[in-house]
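[1] Below: sequence and its predicted model.
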Amino acid sequence: MLNKTIAIALLYALLSTPALAQNYMVSVNGIVCEFCAYGVGKKIRKLPFIDRSQYDEGVKVDIENQRVFVAVRDDALFDQSALFEAIESGGYDPIDIRQITNKEPSTEAIE
Amino acid sequence: MKYTFVVLLITLVSNAYAHQPVMDMAPRWNNGYGVQTRVEHANSETTTWLEGVYTFKPSLRMTLKVPHSNGKTGDAILAMPIKRYKNVGAFTSNWGLTPSVRMPTGGGSKWDAGLSLSYSAESRKVYTLYDLYTIGDTTGIDINAGLVHADGKGSSWFTLWDITAKDSDSGQHLLTGPVLVYFKRNIIVRGEYKFEAYDDDTQWDGNYLSIGIGMVF
């Protein structure tokens, strides 16, 4: 009986542990200036799955390496094509996307 | 003769800025818009410009520039920049073709058509802009080139050098000088001072100063 109780408690604890958010890193051609970053961020933040509690309201643009980091809400469905469309409507060309698990990635951590 | 002089003067002043408001680049996103006000001093006259830009999509925009001087509204310039962008790695560039029309909103009845061909390129450290244009009897070229200093936190400085050359029925002149631009998120501040390097123009006299602030949304 005790073992069963412990097993149920462990299972409950495991299932109730919040999942680590799956954020994304997008390589974007041509995104080299702060004004570029502002426009792309503005478009991405309008997407419904963005977690605005992370990065700078859900988006972090690394103009040194032409990368855009996007935070996705745990309870939302990520839509890659919508993300790419948002970047394109911001005036730039997304070329590659990679899933990352760390919420505040450094450049080294995601390589 | 007096009428011709006034038309020529307006032509020169109106074309002191051939390229689009807000640094020829912003807003670059679909359905973005921007406003800018600029005070310029040239030919012993101070003119305040109210300028706006609407970006339908990065390749198609509309701009409007309205001058005010001595309490009067001058002739407004409506233009439609058409741009073709190329993004490669840490480099972005565009070719622009801009038809424009100067409307007689300041009185009179004369309409003028213009056309500009421009190229601009930007990397993490360098920015350049070349703008060749013609309107009425005036043909000019404007060149900006210099360095970009971004802090990675939403703001950047552009320290540029500008060369402006014009040729018209009244002669030729060439101005050159520094341009300083500051960006902070959606705000841009731009100041420039151009010295008269060459003047064989009966309708131009002295140096040029322009200070402006703009916002994009």
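    Good, I have the coordinates. Numbers count the residues shown, from 1 in each chain, chains lettered A, B, ... in the order given.
[2] mind listing the strands for the chain?
    Since you didn't name a chain, this refers to chain A. With strands called from DSSP state E, chain A shows them at A:23-29, A:59-62, A:67-70, A:93-100.
[3] could you do chain B instead?
    Ranges of strands in chain B, per DSSP E, are B:32-42, B:45-57, B:60-69, B:72-73, B:76-79, B:82-88, B:91-103, B:112-123, B:126-135, B:138-150, B:155-168, B:171-184, B:187-201, B:208-216.
[4] What about the nearest residue to A:Arg73 once chain neighbours are set aside, how many residues nearby?
    Among residues not flanking A:Arg73 along the chain, A:Asp51 sits closest, at 4.4 Å (C-beta to C-beta, 6 or more residues apart in numbering or on different chains). (Glycine included, C-beta is placed from N, CA and C.) For A:Asp51, the neighbour count with other C-beta atoms under 10 Å in any protein chain shown is 19.
[5] Hmm, A:Asp75 and A:Asp51 touching each other?
    No. In this structure A:Asp51 lies outside contact range of A:Asp75 using C-beta atoms under 8 Å: 9.5 Å.
[6] just to revisit the earlier point, tell me the most buried of the strands of chain A?
    strand A:67-70 (a mean of 24; mean count of other C-beta atoms under 10 Å in any protein chain shown).
[7] Quick one: check that one for contact with chain B.
    No. Against chain B, strand A:67-70 shows no contacts by C-beta under 8 Å from any C-beta of the partner chain, the least distance being 10.9 Å.
[8] what packs against that strand?
    Judged by 3 or more C-beta pairs under 8 Å, 6 or more residues apart in numbering or on different chains; DSSP states H and E, strand A:67-70 is in contact with strand A:23-29, helix A:34-44, strand A:59-62.
[9] Least reliable of these by average pLDDT, please.
    Ranked by mean pLDDT, the helices and strands packed on strand A:67-70 bottom out at helix A:34-44, which scores a mean of 90.
[10] Find the least confident helix or strand in chain A, judged by mean pLDDT.
    helix A:2-16 (a mean of 59; mean pLDDT, DSSP states H and E).
[11] ditto for chain B
    One helix or strand of chain B scores below all others by mean pLDDT, DSSP H and E: helix B:2-14, with a mean of 39.
[12] how many other residues sit next to the nearest residue to A:Lys42 once chain neighbours are set aside?
    Closest residue to A:Lys42 apart from its sequence neighbours, by C-beta to C-beta, 6+ apart: B:Trp29 at 6.6 Å. Neighbour count of B:Trp29, defined by other C-beta under 10 Å: 25.
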